[in-house]
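Asks: quick one, structure for this:
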Amino acid sequence: MTATAILDATPAARERVRIAITGTVQGVGFRPFVWRKATALGLAGSVANTAAGVLVEAEGSPAAVASLLRSLREDAPPNARIARCDVAREPPTGAAGFVIAESVASGARRGAILPDLATCPECLAEIADPASRRYRYPFTNCTHCGPRYSIVRDMPYDRARTSMAVFPMCADCRAEYDNPADRRFHAEAIACPACGPRLALWDAAGRTIAAADDALLAAGAALRDGRVVAVKGIGGFHLMVDARNPAAVARLRRRKHRPDKPLAVMFPSLEALAPYANVDPAEAALLSGRERPIVLLRQGRRALADAVAPGGALIGAMLPYSPLHHLLLGDVGFPVVATSGNLSDEPIVTDEADALVRLGEIADCYLVHDRPIVRPLDDSVVRVIAGTPTVFRRARGYAPAPVEAGLTPGILALGGHLKAAVALTTESGAVVSQHLGDLDTPQGRDAYHAAVADLTRLYRTEPRAVVRDLHPDYYSSRVAAAHSAPVISVQHHVAHVAAVMAEHDLVAPLLGIAWDGTGDGGDGTIWGGEFIRITPSGWERVAHLLPFRLPGGEAAVREPRRSALGLLRATFGDAAFAMDDLAPVAGFTAAERRTIAAMIARGVGAPVTTSAGRLFDGVAALVGLSQRATYEAQAASALETAADACAADVVPYPFPVTADAPMMLDWRPAIRSLVTDVRTARPVSEVAAAFHGGLARAIVEVASRAGEATVVLAGGCFQNARLAAESERLLEAAGRRVFRAHLVPPNDGGLSLGQAWWAAKMECV
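Replies: Modelled structure (predicted):
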């Protein structure tokens with residue numbers, strides 16, 4: 001039957017359906033896709049964005065309607081994700097023609113907002129084509145790519161509800177927008193040089209010194225000259241310098257107050273990256289995918305400036321993901337440091353006027369544009385562990401894609417204090433915000449409040465319950481108290497395990513292994529090396545690392561040598577303070593050692609901890625890798641790097657497990673062996689490998705005694721690829737099903753998802 005025959009059929013030969021679709025179906029070209037399919041099938045009706053997703057009204061022959069429904073399931077645009085498709089039969093009306101109708105803003109918010117998408121090949125070809133009207137235009141996009149979450153002000157997703165609303169379309173863009181045959185058909189962020197955002201290069205005082213393409217060329221020249229350029233991108237500013245220039249990198253570090261932490265590097269292409277890092281196929285796919293995160297890679301044969309990744313650390317590499325970055329990197333032709341535009345511990349800067357103030361002591365010039373950034377988005381960070389990508393920082397490209405956890409809507413979870421992120425359960429899943437950073441600064445707390453308000457406003461949700469960490473002094477815990485909804489507290493490590501359960505849709509019973517730096521145990525001690533059994537009705541602590549005193553408490557985070565003294569004191573008694581042939585002991589004066597000994601003996605300023613993170617720190621100090629740290633996990637990362645350099649087949653250190661309830665994993669025999677090896681100058685790489693191997697085998701021993709068939713590895717310590725991969729391999733060899741975090745960070749960035757899951761599943765909210 002022809003399309004004309006379908007339209008002319010009598011109502012009795014026709015059927016009409018109303019299709020309500022939820023999920024990630026806005027900003028992906030879904031309405032044009034439906035329009036094309038329905039028109040080709042000769043169907044009548046309409047398609048429209050709604051607050052809940054997309055609504056389709058389709059009328060025609062039963063065969064044509066069935067074909068449309070089949071296409072929705074099988075042929076949806078590549079960036080779409082249908083969570084639910086509800087079909088209702090209605091009486092035919094005899095209507096003719098199919099249209100894209102006006103969006104419906106009222107109603108419940110169930111539609112998912114799409115993350116920002118890396119530039120597609122078609123748009124890249126246009127900006128490289130001198131014959132194209134978008135040649136070298138840095139804001140080129142289409143329905144397949146470009147900004148989404150960073151520009152959305154409200155739902156449903158239409159241009160009027162984005163920061164592109166201030167740029168009226170020119171006649172040429174309007175013609176593309178209205179043309180069903182064009183890939184920019186209803187592309188809400190459509191732009192061109194005649195009507196879209198524009199570039200400018202400012203000097204240090206904010207004066208315009210170049211505009212449009214000249215600004216790009218001048219910014220490239222500044223990078224070649226070794227200057228620090230602040231570049232406004234998709235979700236905020238980058239601070240950029242030539243990554244090959246030691247003086248330029250050192251200058252950036254000094255100005256940014258970031259002495260040691262590795263700096264992210266943007267490379268022009270995969271080919272340009274190849275000499276600097278070892279890239280396997282899984283890593284290459286991440287680097288080139290639509291999310292375009294920073295990917296942590298092993299260093300290659302060619303070196304960048306030493307200060308980019310000191311001490312042989314992993315390189316945080318990424319490829320250009322917007323036309324602006326493609327053009328700038330293509331112009332300079334070399335790798336550039338592309339670190340977040342902020343001072344250390346502050347949120348990323350998103351506004352050019354604010355950049356002049358907050359980055360004024362760092363940047364030499366500013367490459368800016370006039371498209372407002374609605375919300376800050378750092379670059380996401382991912383590492384491939386045991387062949388599987390694991391997100392360490394979830395932001396641009398990933399947020400706010402929902403996790404389909406099947407949780408009761410309306411639960412607001414506030415996360416922790418470090419690597420903060422908030423979560424809200426909705427009809428389309430648990431929406432986890434972008435990485436918000438630490439909550440120690442006024443700027444960080446302001447950004448946190450803005451994110452909480454933003455999430456609840458976007459989804460028109462008044463929380464039915466608010467969930468917080470058990471720690472009463474976290475800033476997020478104080479925010480919870482200000483809400484009128486009931487407040488639920490969830491123990492830190494239980495939330496870590498629950499986050500993995502939410503991601504993988506796991507059910508109790510299972511054993512969760514939650515290892516990290518610190519978390520309030522609720523018993524007056526600091527937990528961090530926990531084995532937790534999750535049952536259908538709750539949880540129990542079945543094992544933990546042997547406790548030790550942490551002299552100085554929080555000061556030990558910045559001084560791994562303090563953790564080392566706590567370990568030595570627990571292993572050798574007071575004789576530990578005379579072991580001045582060991583680096584962490586020798587680093588303290590005799591008077592300081594006496595003070596620390598008294599702190600530990602009296603339990604004053606030396607809290608009890610079971611922290612695996614502090615155990616790693618202490619061992620790193622004992623082998624001479626790190627006595628002081630300027631960023632989190634610096635010492636543990638150095639220890640992992642050393643272990644990876646080991647080519648020998650080493651015997652793991654012993655970590656016996658007691659039979660008590662709860663069981664204890666005793667690290668003292670390992671420390672005794674380690675100290676002997678350090679004194680006999682055994683290679684640090686072998687010591688580090690023996691330590692990692694011993695811990696992995698001890699994990700299997702505890703899991704075997706606990707008896708659960710399913711094991712979850714959670715917490716920041718399992719960002720250590722060696723520990724995670726070896727533990728997973730040995731557990732699976734012992735017959736366990738093993739799950740780790742992949743889409744949501746194993747660190748505190750995943751706490752909010754775990755809190756929401758626990759409140760919904762175990763507190764019966």
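Asks: which helices and strands does the longest helix along the chain pack with?
Replies: If each helix of the chain is counted by residues according to DSSP state H, the longest one is helix 684-706. Counting contacts by 3 or more Cβ pairs under 8 Å, 6 or more residues apart in numbering; DSSP states H and E, helix 684-706 packs against strand 510-520, strand 526-535, strand 538-545, helix 634-644, strand 663-665, helix 668-679, helix 721-733. For the C-beta atoms, the positions are set from N, CA and C on the backbone; glycine is no exception.
Asks: buried sites along that helix?
Replies: Residues of helix 684-706 classed as buried by neighbour count (16 or more other Cβ atoms under 10 Å): 684-703, 706.
Asks: now residue 326: closest residue in space, sequence neighbours ignored.
Replies: Closest residue to residue 326 apart from its sequence neighbours, by Cβ to Cβ, 6 or more residues apart in numbering: residue 320 at 4.3 Å.
Asks: residue 486 versus the nearest residue to residue 537 once chain neighbours are set aside, what's the distance?
Replies: Nearest residue to residue 537 in three dimensions, chain neighbours excluded: residue 762, at 7.8 Å (Cβ to Cβ, 6+ apart). Using Cβ to Cβ, to the nearest Å, one gets 14 Å for the distance from residue 762 to residue 486.
Asks: ok, what's across the strand from residue 296?
Replies: residue 316 (DSSP bridges).
Asks: ok, it touching residue 385?
Replies: No - the criterion here is Cβ atoms under 8 Å, and residue 296 misses it with residue 385 at 9.7 Å.
Asks: surely residue 83 forms part of a strand?
Replies: Yes - per DSSP: H, G, I helix; E, B strand; the rest coil, residue 83 lies within a strand segment.
Asks: for it, the count of nearby residues, please.
Replies: 18 (other Cβ atoms under 10 Å).
Asks: and if you look at residue 178?
Replies: Other residues close to residue 178 by other Cβ under 10 Å number 13.
Asks: ok, it touching residue 184?
Replies: No - look at residue 178 against residue 184 with Cβ under 8 Å: they stay out of range, at 9.5 Å.
Asks: now the end-to-end length of stretch 187-196.
Replies: Start-to-end span of stretch 187-196 (Cα to Cα, to the nearest Å) is 13 Å.
Asks: got the buried residues for it?
Replies: Counting neighbours by 16+ other Cβ under 10 Å, stretch 187-196 gives 187, 188, 189, 190, 191, 192, 193, 196 as buried.
Asks: what about the fourth one, distance to residue 29?
Replies: Same thing as residue 190. From residue 190 to residue 29 the distance is 12 Å (Cβ to Cβ).
Asks: just the third one next, same as before
Replies: According to Cβ to Cβ, residue 189 and residue 29 sit 12 Å apart.
Asks: what of the first one?
Replies: Using Cβ to Cβ, one obtains 7 Å as the distance from residue 187 to residue 29.
Asks: the second one now?
Replies: Distance of residue 188 to residue 29, given as Cβ to Cβ: 10 Å.
Asks: now the helices: where do they sit in the stretch 451-600 of the chain?
Replies: All helices of the stretch 451-600 of the chain, identified by DSSP state H, counting those that start in this stretch, fall at 475-481, 492-504, 555-558, 560-572, 583-586, 590-602.
Asks: residue 119: which of these is closest?
Replies: helix 492-504 (28.6 Å; Cβ to Cβ).
Asks: ok, residue 317 - contacts?
Replies: 264, 265, 266, 267, 273, 276, 277, 287, 294, 295, 296, 297 (Cβ atoms under 8 Å, 6 or more residues apart in numbering).
Asks: again, 6 Å this time
Replies: Listed by Cβ atoms under 6 Å, 6 or more residues apart in numbering, the contact partners of residue 317 are 265, 273, 277, 295, 297.
Asks: turn the residues you listed into a markdown table, columns for pLDDT, distance to residue 450 and neighbour count.
Replies: Converted to a markdown table, the contacts of residue 317 look like this (pLDDT from 0 to 100; distance: Cβ to Cβ, whole Å; neighbours: other Cβ atoms under 10 Å):
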| residue | pLDDT | distance to residue 450 | neighbour count |
| --- | --- | --- | --- |
| 265 | 98 | 30 | 27 |
| 273 | 97 | 35 | 24 |
| 277 | 95 | 36 | 24 |
| 295 | 98 | 29 | 28 |
| 297 | 97 | 33 | 23 |
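Asks: export these to CSV and append columns for distance to residue 639.
Replies: Listed next are those as CSV, based on distance: Cβ to Cβ, whole Å:
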residue, distance to residue 639
265, 23
273, 27
277, 21
295, 22
297, 19
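Asks: before we move on, the earlier item: angle of the longest helix of the chain against helix 634-644?
Replies: Here the directions of helix 684-706 and helix 634-644 differ by 100 degrees (axes from the mean of the first three to the mean of the last three Cα atoms, to 10 degrees).
Asks: got the CA positions of helix 684-706 in PDB?
Replies: The C-alpha atoms that make up helix 684-706 are tabulated as PDB, following Å, rounded to 0.1, in the frame of the first residue of the first chain:
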ATOM      1  CA  VAL A 684      61.500  -0.900  46.000                       C
ATOM      2  CA  SER A 685      59.600  -2.300  43.100                       C
ATOM      3  CA  GLU A 686      59.800  -5.800  44.600                       C
ATOM      4  CA  VAL A 687      58.800  -4.600  48.000                       C
ATOM      5  CA  ALA A 688      55.800  -2.800  46.500                       C
ATOM      6  CA  ALA A 689      54.800  -5.800  44.400                       C
ATOM      7  CA  ALA A 690      55.000  -8.100  47.400                       C
ATOM      8  CA  PHE A 691      52.800  -5.700  49.400                       C
ATOM      9  CA  HIS A 692      50.100  -5.500  46.700                       C
ATOM     10  CA  GLY A 693      50.200  -9.300  46.200                       C
ATOM     11  CA  GLY A 694      49.800 -10.000  49.800                       C
ATOM     12  CA  LEU A 695      46.800  -7.800  50.200                       C
ATOM     13  CA  ALA A 696      45.000  -9.300  47.200                       C
ATOM     14  CA  ARG A 697      45.500 -12.800  48.700                       C
ATOM     15  CA  ALA A 698      44.300 -11.700  52.100                       C
ATOM     16  CA  ILE A 699      41.200 -10.300  50.500                       C
ATOM     17  CA  VAL A 700      40.500 -13.800  49.000                       C
ATOM     18  CA  GLU A 701      41.100 -15.400  52.400                       C
ATOM     19  CA  VAL A 702      38.500 -13.200  54.100                       C
ATOM     20  CA  ALA A 703      36.000 -13.700  51.300                       C
ATOM     21  CA  SER A 704      36.400 -17.400  51.500                       C
ATOM     22  CA  ARG A 705      35.700 -17.400  55.200                       C
ATOM     23  CA  ALA A 706      32.800 -15.100  54.800                       C
END
